[in-house]
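J.: need a structure here:
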Amino acid sequence: MKPECANLAKKVAHYKEILENTQKYRKAWPKLKKSIKKQLGDICDDVGLEVGIEEKSEMVNLEAIVLSLGDVKSGMSQEVANNIRRETIKHNGSLVYQQLFNGKILVLLNMPFIEGYGQPQPPKTIGIYRPEELKDPFVLRHLEMLIQEVTMWEDYDDDVQQEPNQRIGFKMNFGDVPGEAPVQG
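T.: Below you'll find the predicted structure:
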């Protein structure tokens with residue numbers, strides 16, 4: 001090899017190593033997927049948390065496990081015609097383990113939202129892990145994070161200043177702009 005190509009040769013070797021890792025991570029996913037589903041189910045059973053656990057497998061090597069806290073009637077409805085009301089649905093939040101294109105696992109929280117009431121928040125990334133990094137304690141910690149986040153969402157009030165993308169409620173639905181004088185009723 002020419003001396004001037006030494007740096008490029010190192011980069012090529014690193015590139016090949018990364019490609020091999022992708023194949024290794026993809027091979028680890030089926031066993032890891034079963035383990036995650038079992039852990040999620042066992043932990044939720046232990047603490048009495050009712051959930052749905054679904055596997056999304058439309059794309060090979062881009063599969064996901066979704067733990068959902070379910071959907072319910074929000075308790076709110078919209079009048080759409082004389083004496084006809086449309087119930088709004090509340091999505092209670094979810095925890096997602098998504099296999100990425102490179103075989104690593106992306107863990108996300110989807111916050112609760114009510115259809116037609118504000119905008120859903122973007123998913124919150126917990127982390128991206130190599131399959132061997134996702135040990136049992138991580139799954140428990142991820143569930144704890146989900147419950148903490150959805151509890152804060154459910155207990156929303158103005159005692160604590162919220163980030164702009166965390167605001168929900170009247171002002172977000174009727175056009176008040178942060179920084180402007182509030183609507184007086």
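J.: in the longest strand anywhere in the chain, what's buried?
T.: The longest strand of the chain (DSSP state E) is strand 71-81. Judged by neighbour count using 16 or more other CB atoms under 10 Å, the buried positions of strand 71-81 are Ser74. In this view, the C-beta of every residue, glycine as well, is placed from N, C-alpha and C.
J.: Asn110: what's it in contact with?
T.: 91, 93-96, 120, 123-124 (CB atoms under 8 Å, 6 or more residues apart in numbering).
J.: break down this protein into its helices, ranges please.
T.: Ranges of helices within the chain are 6-47, 136-154, 170-173, based on DSSP state H.
J.: can I get the ones you listed in TSV with distance to Ser74, mean neighbour count and mean pLDDT?
T.: Formatted as TSV, the helices of the chain follow (distance: least, CB to CB, whole Å; neighbours: other CB atoms under 10 Å; pLDDT from 0 to 100):
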stretch	distance to Ser74	mean neighbour count	mean pLDDT
helix 6-47	23	13	96
helix 136-154	12	15	94
helix 170-173	13	14	47
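J.: can you tell me the closest non-neighbouring residue to Asn102?
T.: Excluding its sequence neighbours, the residue lying closest to Asn102 (CB to CB, 6 or more residues apart in numbering) is Thr22, at 4.8 Å.
J.: same question for Arg85.
T.: In space, Arg85 is closest to Ser77, 4.1 Å off (CB to CB, 6+ apart).
J.: report the contact partners of that neighbour.
T.: Shown in contact with Ser77 (CB under 8 Å, 6+ apart): 85-88.
J.: how about a cut-off of 10 Å?
T.: The contact partners of Ser77, by CB atoms under 10 Å, 6 or more residues apart in numbering, come to 84-88.
J.: so which of the residues you listed belong to strands?
T.: By the criterion of DSSP E, membership of the contacts of Ser77 in strands covers 84-88.
J.: between those, which is nearest Gln39?
T.: Within the ones in strands among the contacts of Ser77, the smallest distance to Gln39 is 33.2 Å, found for Thr88 (CB to CB).
J.: gap between the nearest residue to that closest one once chain neighbours are set aside and His91?
T.: Once flanking residues are discounted, Thr88 sits nearest to Ser74: 4.5 Å by CB to CB, 6+ apart. Relative to His91, Ser74 is positioned 9 Å away (CB to CB, to the nearest Å).
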